[in-house]
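Give me a model of this one.
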Amino acid sequence: MVNDDLELRRSQNLRQYAMKQALARLDSEHPGAKPEAIVVSVCAYEEEGNIAGVLEKMPTSINGEPYTVLVVVDGGEDRTAEIARSFPGVLVIEFPVNLGHGVALQVTYRYCVNMGVKYVVTLDADGQNDPAEIPQILAPLLNDSTDFVLGSRVLGVDHTSDSIRKTGVRFFAFIMNRMTKSNLTDTSTGYRALRVTMLADVVDRLRQQQYQTSELLITCLKRGWRVSEVPTVWHERNSGETKKGKTWMYGFRYARVVFGTWWRER
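Below you'll find the model as predicted:
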């Protein structure tokens with residue numbers, strides 16, 4: 001037990017050190033930079049073939065409002081960070097080592113809380129989400145009808161070809177609806193708009209280094225925040241392969257997070 005506790009503390013300390021290094025580099029690259037009230041965050045791990053295409057499609061404004069693009073590069077050995085930095089105005093938080101997608105999202109949330117941001121939109125770096133849809137995903141937050149918006153591929157159009165994963169989307173939505181007494185169609189989407197005051201309430205409760213989508217959603221629902229959906233179109237990734245692993249293993253790990261979070265927050 002003592003050795004296990006020591007290993008846990010060591011891992012946590014190394015993770016905190018890596019995050020501090022990344023934020024210090026951001027400060028050195030953009031001294032005194034303050035993001036707009038709206039931040040669009042793209043978490044990326046070895047997506048050099050896709051990140052430029054995503055950033056090129058970013059709208060000039062969101063419902064007439066300026067916004068800041070934040071790319072969180074989760075380590076890796078390719079040119080993802082270099083390419084993101086080549087786009088004017090894009091802020092880049094680059095981890096020196098791979099920490100996990102959940103950690104990259106948590107850093108995004110804490111950055112937005114600490115910098116006084118009002119709303120944050122998250123989307124994938126692989127080209128499956130169309131940045132042109134950001135205004136419609138954010139709109140329910142701007143009119144104060146919700147606190148958490150899910151971009152649903154079930155309500156919209158899903159052009160991806162993995163039938164097993166499509167079945168999994170519906171299966172986990174069914175399970176999570178039963179757990180939380182909700183009526184949602186896509187509980188595993190990474191295309192989301194979030195109220196930052198909500199994130200300030202829940203961020204200290206988030207634990208997952210991976211598969212953090214369900215943890216965030218269940219925690220927010222259990223704490224009484226309003227969640228809604230808008231239709232979205234999902235595309236095949238532009239290039240490369242998914243980093244989520246084999247479908248059956250992804251499903252097993254995702255289920256473990258779902259049931260673990262529900263048990264913790266019940």
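
Could you name the helices and strands sitting against the longest helix along the chain?
Assignment by DSSP state H gives helix 2-29 as the longest helix of the chain. Packing partners of helix 2-29 (3 or more CB pairs under 8 Å, 6 or more residues apart in numbering; DSSP states H and E): strand 91-94, helix 101-114. (Each C-beta comes from the backbone N, C-alpha and C, glycine too.)

Reformat the ones you listed as CSV; add mean neighbour count and distance to residue 51.
Listed next are those as CSV, based on neighbours: other CB atoms under 10 Å; distance: least, CB to CB, whole Å:
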stretch, mean neighbour count, distance to residue 51
strand 91-94, 22, 10
helix 101-114, 22, 14
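
For the ones you listed, which has the smallest mean pLDDT value?
Per-stretch mean pLDDT for those is lowest at helix 101-114 (a mean of 95).

Summarise which helices and strands that helix is packed against.
The elements that helix 101-114 packs onto, with contact taken as 3+ CB pairs under 8 Å, 6+ apart, are helix 2-29, strand 38-44, strand 68-73, strand 91-94, strand 119-124, helix 196-202, helix 212-222.

possible to save the ones you listed as JSON lines with distance to residue 187?
Output for the helices and strands packed on helix 101-114, formatted as JSON lines (distance: least, CB to CB, whole Å):
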{"stretch": "helix 2-29", "distance to residue 187": "27"}
{"stretch": "strand 38-44", "distance to residue 187": "19"}
{"stretch": "strand 68-73", "distance to residue 187": "22"}
{"stretch": "strand 91-94", "distance to residue 187": "27"}
{"stretch": "strand 119-124", "distance to residue 187": "15"}
{"stretch": "helix 196-202", "distance to residue 187": "16"}
{"stretch": "helix 212-222", "distance to residue 187": "6"}
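
Nearest to residue 84, out of these?
Closest of those to residue 84 is strand 68-73, at 4.1 Å (criterion: CB to CB).

what distance separates that closest one from the centre of its chain?
Its chain's C-alpha centre and that of strand 68-73 lie 11 Å apart, by CA atoms, centre = their mean, to the nearest Å.

what lines up beside it in the sheet?
strand 38-44 (parallel), strand 91-94 (parallel) (DSSP bridges).

of all those strands, which lies closest to residue 141?
Closest among the strands paired with strand 68-73, using CB to CB: strand 38-44, at 9.2 Å.

Which SSE is immediately downstream of the closest one?
Using DSSP states H and E, the helix or strand that follows strand 38-44 in sequence is helix 51-56.

Using PDB, write out every CA atom in that next one.
Listed next in PDB are the C-alpha coordinates belonging to helix 51-56 (Å, rounded to 0.1, in the frame of the first residue of the first chain):
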ATOM      1  CA  ILE A  51      -4.900  20.000 -37.500                       C
ATOM      2  CA  ALA A  52      -4.400  22.500 -40.300                       C
ATOM      3  CA  GLY A  53      -7.600  21.500 -42.000                       C
ATOM      4  CA  VAL A  54      -9.500  22.000 -38.800                       C
ATOM      5  CA  LEU A  55      -8.000  25.400 -38.000                       C
ATOM      6  CA  GLU A  56      -8.500  26.600 -41.600                       C
END
